[in-house]
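**Q** Model the structure of this input:
(3 chains)
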Amino acid sequence: MSICLLISKNGRHKPINLPHLQTVVLGRSPETTIKDKKCSREQVELKADCNKGYISVKQLGVNPTSVDSEVVGKGNQVEMRSGQQLHMVNELYPYTVCFKEDPSNSQSSVGTKRPCGPASEEREFHREPPGHKVPRKTEDSTQCKHGGSTSTNTRPESQTTEKTETLGYWSQGLKASMQDPKMQVYKDDRVVVIMDKYPKAHYHWLVLPWESIPSLKTLHRGHCDLLRHMNQVADRIVQQQCPDAGLLHFRQGYHAIPSMSHVHLHVISQDFDSPWLKNKKHWNSFTTDYFIESQEVIQMLEKDGKVTVKQGTNELLKLPLCCHVCGMALSTIPQLKEHLKSHPYGRL
DNA sequence: GTTCTAGAAC
DNA sequence: GTTCTAGAAC
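**A** Numbering: from 1, shown residues only, chains lettered A, B, ... in the order given. The predicted structure follows:
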């Protein structure tokens, strides 16, 4: 049998044991060292299933508890797995969850089932490399050696590592691509530009910082300059690489909840003429508010010091298909593609 | 992120 | 019958 530990990411206190299938209520208390009045004394109800490798998280308090960036909502319950991040309240007091073999019970493995959830969970569980189960700062440098001359890991890499375990190894693909000279279109001391491997339009580049920034939520005010630089580089790439840059409309922005780890700025022409654009998720990720303009991200950082993704953003991916230029509704992807031929430059 | 495929929609 | 989508698996 495994045991489950809830680990304070900023080391506020020692890990809290969550016994198998036992309800544990946490909140403002000496146990968590949280004194913030916004945090209820009974903020969350947690129940670990050590066999299946997840914990149920129920928000009891009024103020938002979140798992990754998604707010749970009072009375609601979500599952949280190894690698995901729980914020006790108001995006504060981060925790991760860790399942590991009970050291006091090692002999019981004979005749005792391993974690036995669905196949994918089993794989994810076993993929977790030893030593990464409890994120530690000393392990930062073992991750992802960047090719740039200024590879400055200013944040613990644990978030990146955990994301791998949640989403699979494929989610780390950009880290390899950005290092691959064959993919690189441009690089300087701060950023690299690569072609999107599966472009969703005639022109589709990704601008990535050498600095390891796992996601939008890792960004802080100090990144504003870097993001402005990414924008300038993107502008330059468009001018250099696109002969009809004057006619063709481009947008630069970030996916609110990207699948791939490592912050990347999409630079994409608005023709959306591509065999790789295949489904509703592809379309809506570039044509709804799921796509956050780069300028908007920078403004958020300047104003609030962080990037906030609105609740329900994931639902935008399920919206009906709608032309990004004229707003016409189309019922299928093939019909949409046919319609797009009437807007070859992505503008009216 | 993509691929694969069952089954819904036509 | 074919086309298309959506969800699981990776």
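**Q** Tell me how far A:Leu317 lies from A:Asp271.
**A** In this view, A:Leu317 and A:Asp271 are 21 Å apart by CB to CB, to the nearest Å. Where you see a C-beta, it was placed from the backbone N, CA and C, and this is true even at glycine.
**Q** Check A:Gly27 too.
**A** From A:Gly27 across to A:Asp271, the span is 52 Å (CB to CB).
**Q** any idea how far A:Gly173 is from the one residue in the stretch 51-200 of chain A that gets nearest to DNA strand B?
**A** Residue nearest to DNA strand B within the stretch 51-200 of chain A: A:Tyr198 (3.0 Å; CB to the nearest atom of the strand). As judged by CB to CB, A:Tyr198 and A:Gly173 stand 11 Å apart.
**Q** ok, these two, which is more surrounded?
**A** Comparing A:Tyr198 with A:Gly173 by other CB atoms under 10 Å, the one with more neighbours is A:Gly173, at 15 against 12.
**Q** Identify the residues contacting that one.
**A** Contacts for A:Gly173 (CB atoms under 8 Å, 6 or more residues apart in numbering) come out as A:Lys197, A:Met260.
**Q** at 10 Å what do you get?
**A** Counting by CB atoms under 10 Å, 6 or more residues apart in numbering, A:Gly173 makes contact with A:Lys197, A:Ser259, A:Met260, A:Ser261, A:His262.
**Q** Could you find the closest non-adjacent residue to the last one?
**A** Here the nearest residue to A:His262 in space, its sequence neighbours aside, is A:Leu174; by CB to CB, 6 or more residues apart in numbering that works out to 4.8 Å.
**Q** Also the third one?
**A** If you skip the residues right next to it in sequence, A:Met260 has A:Leu174 as its closest partner in space, 4.9 Å away by CB to CB, 6+ apart.
**Q** looking at it, A:His343 is touching A:Phe272, isn't it?
**A** Yes. A:His343 is in contact with A:Phe272 according to CB atoms under 10 Å; the separation is 8.9 Å.
**Q** Find the residues that touch each one of those two.
**A** Shared contacts of A:His343 and A:Phe272 (CB under 10 Å, 6+ apart): A:Cys323, A:His324, A:Val325.
**Q** I figured the second one hits A:Gln270, correct?
**A** When you say that, I think you mean A:His324. Yes. In this structure, A:His324 is within contact of A:Gln270 by CB under 10 Å, at 6.7 Å.
**Q** Mutual contacts of the two, please.
**A** In terms of CB under 10 Å, 6+ apart, A:His324 and A:Gln270 are both contacted by the residues A:His249, A:Arg251, A:Phe286, A:Thr287, A:Leu340, A:His343, A:Gly346, A:Arg347.
**Q** residues in contact with A:Trp283?
**A** Contact analysis of A:Trp283 by CB under 10 Å, 6+ apart lists A:200, A:272, A:277, A:317, A:319, A:321-324, A:330, A:333, A:336-337, A:340.
**Q** and which of those is nearest to DNA strand C?
**A** Using CB to the nearest atom of the strand, A:Ile333 comes nearest to DNA strand C of those, at 3.6 Å.
**Q** For the stretch 1-150 of chain A, which residues are neighbours of DNA strand B?
**A** Remark: no part of the stretch 1-150 of chain A is in contact with DNA strand B, using CB under 7 Å from any atom of the strand.
**Q** what are the ranges of the strands in the stretch 1-150 of chain A?
**A** Secondary structure of the stretch 1-150 of chain A (DSSP state E, counting those that start in this stretch): strands at A:2-8, A:16-17, A:23-26, A:44-49, A:54-59, A:66-67, A:70-71, A:77-81, A:85-89, A:92-101.
**Q** now those strands in TSV, with distance to A:Leu219, mean pLDDT and mean neighbour count?
**A** TSV is the format used below for the strands of the stretch 1-150 of chain A (distance: least, CB to CB, whole Å; pLDDT from 0 to 100; neighbours: other CB atoms under 10 Å):
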stretch	distance to A:Leu219	mean pLDDT	mean neighbour count
strand A:2-8	22	84	20
strand A:16-17	29	86	14
strand A:23-26	28	82	17
strand A:44-49	26	87	21
strand A:54-59	25	88	21
strand A:66-67	17	89	22
strand A:70-71	18	84	18
strand A:77-81	23	86	17
strand A:85-89	15	88	23
strand A:92-101	15	83	20
